[in-house]
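S.K.: What follows is a protein structure lacking sequence information:
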DNA sequence: AAAGCGGGGCC
DNA sequence: GGCCCAGCTTT
């Protein structure tokens, strides 16, 4: 046991009890609700996840309700939250718990971490909050707080850093109340020891924080190399036929937006004119056997949809046809399909769909 | 060990 | 424009 542990955890927990937010998943130890909230909050701010937590708990009050839903329903409810593999894994795990475990949630770290979509962080969170098991969480907040207070400059995104921080976090864990301690350190990182411009001068750790007393708060935690952003050029073909149908295709390939729907897509190396687009193999395949009445660019300027690792330069081409042959979707039913935000934004502003 | 995976908020 | 967010999975 680290000799600093009681000092550190006592201060943290005192701060937490005075400063914690009332969040909808606080005040329950039901693992279904804690699990739901933890999956939603992976790489996601509380403010962004909150509305989804309300939607999911209302629509699926129990794990059986979630298990009984279709994947498309789950994805539709998840739409806009991003990292859609979380939703697919959530659904897979719900079915496993409901139908294989008869609704009894796993209650050990080992069994929790074996669930799809549940890694070390989430298993530790559920184990500590729901079952009072002594597993320390290490999320982005914990990295930041520990790195600064203890002056650790090992990069947080290399294996040595990941291992070292986990060991330290585990030493500092208040074992008589691991759930409260874990939430306390995360809340402290989220609300006080924030990434930019923390108010160190009135911090509870200002006397002992190594980074503050070093003047190195801005440089800590150390994180290696940022991702290089790739540019891609998307041309969506928005078919319109007289019977008020269009075409939507489900993305089943590897990559972004798996299992979500989109308009037929022609990806090109750069922004293209209509003449060039018409010569693309992908375009020819998509319109094969179809009577084209007109192809009109919706807007000249590309929409630049930014993902963390890709910038999608996107244009929508309105393709009037006499008949949609494949993957027909009545315009009135588009709203039932889970789609990326990029597509939803277009649907919401395109008059032929909104009228 | 490194890459891939969303969307949004803040500076 | 860059950084980060209650990370996990695949390669």
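M.R.: Nice, I can see it. These figures come from a predicted structure and were not determined experimentally. Numbering: from 1, shown residues only, chains lettered A, B, ... in the order given.
S.K.: contacts and neighbour counts: CA atoms only from here.
M.R.: Will do.
S.K.: Contact residues of chain A facing DNA strand C?
M.R.: A:23, A:26, A:37-38, A:41-46, A:83, A:115-123, A:139-141, A:144, A:183, A:186-187, A:189-190, A:195, A:221, A:223, A:226, A:308 (Cα under 7 Å from any atom of the strand).
S.K.: Among those residues, name the ones that also lie close to DNA strand B.
M.R.: Within the residues of chain A next to DNA strand C, those near DNA strand B by Cα under 7 Å from any atom of the strand are A:43, A:44, A:45, A:83, A:308.
S.K.: Of those, which is the most crowded?
M.R.: Among those, the one with the most neighbours (other Cα atoms under 10 Å) is residue A:83, at 17 neighbours.
S.K.: Low-confidence ranges, the stretch 151-300 of chain A, go.
M.R.: Within the stretch 151-300 of chain A, the set of residues satisfying pLDDT under 70 is empty.
S.K.: how about the residues of it near DNA strand B?
M.R.: Residues of the stretch 151-300 of chain A lying near DNA strand B (Cα under 7 Å from any atom of the strand): A:158, A:159, A:160, A:196, A:227, A:254, A:255, A:256, A:257, A:258.
S.K.: give me that answer again for 10 Å
M.R.: A:157-163, A:195-197, A:224-230, A:253-260 (Cα under 10 Å from any atom of the strand).
S.K.: ok, back up a step: please narrow the residues of chain A next to DNA strand C to those residing in helices.
M.R.: Members of the residues of chain A next to DNA strand C lying in helices (criterion: DSSP state H): A:37-38, A:46, A:120-123, A:140-141, A:144, A:183, A:186-187, A:189-190.
S.K.: Going by neighbour count, which of the residues you listed comes out on top?
M.R.: Within those, residue A:123 tops the neighbour count with 27 neighbours, counted by other Cα under 10 Å.
S.K.: For residue A:39, see how far away it is.
M.R.: In this view, residue A:123 and residue A:39 are 10 Å apart by Cα to Cα, to the nearest Å.
S.K.: again with residue A:63
M.R.: 14 Å.
S.K.: can you check residue A:338 too?
M.R.: Taking Cα to Cα, one finds residue A:338 at 19 Å from residue A:39.
S.K.: Count the neighbours of residue A:307 for me.
M.R.: 12.
S.K.: Give me the local confidence score for it.
M.R.: The confidence metric pLDDT takes the value 97 at residue A:307.
S.K.: about what we covered before: more neighbours: residue A:338 and residue A:39, which one.
M.R.: residue A:338 (25 against 19).
S.K.: Grab the nearest non-local neighbour of that one.
M.R.: Of all residues beyond its chain neighbours, the one nearest residue A:338 is residue A:76 (4.3 Å), with distances taken as Cα to Cα, 6 or more residues apart in numbering.
S.K.: thinking the one you found is in contact with residue A:336, fair?
M.R.: Yes - at 7.3 Å, residue A:76 counts as touching residue A:336 under the criterion of Cα atoms under 8 Å.
S.K.: And the two? Which one has more around it.
M.R.: Set residue A:76 next to residue A:336 and count neighbours by other Cα under 10 Å: residue A:76 wins out with 18 against 11.
S.K.: So the more buried one, which state does it fall into?
M.R.: Look at residue A:76: counting by DSSP: H, G, I helix; E, B strand; the rest coil, its state is helix.
S.K.: How much space separates it from residue A:40?
M.R.: 14 Å.
S.K.: ok so, going back, and the ones in helices among the residues of chain A next to DNA strand C, which two are furthest apart?
M.R.: Farthest pair in those (Cα to Cα) is A:37 and A:144. Separation: 21.7 Å.
S.K.: For residue A:93, give its distance to DNA strand B.
M.R.: 17 Å (Cα to the nearest atom of the strand, to the nearest Å).
S.K.: sorry, that was for residue A:352
M.R.: 22 Å.
S.K.: and what of residue A:189?
M.R.: Residue A:189 is 15 Å from DNA strand B, by Cα to the nearest atom of the strand.
S.K.: Isn't that residue up against residue A:148?
M.R.: No - taking Cα under 8 Å as the definition, residue A:189 is not a contact partner of residue A:148, at 10.6 Å.
S.K.: Strands along the stretch 251-355 of chain A, start to end?
M.R.: With DSSP state E, counting those that start in this stretch as the criterion, the stretch 251-355 of chain A has strands at A:261-262, A:265-268, A:292-297, A:303-306, A:310-321, A:328-330.
S.K.: Outside of the third one itself, list whatever touches it.
M.R.: Which is strand A:292-297. A:274, A:315, A:316, A:317, A:318, A:319, A:320, A:321, A:322 (Cα atoms under 8 Å, 6 or more residues apart in numbering).
S.K.: neighbours of the third one, just the number please.
M.R.: Yep, that's residue A:316 we're talking about. So residue A:316, with other Cα under 10 Å, has 22 neighbours.
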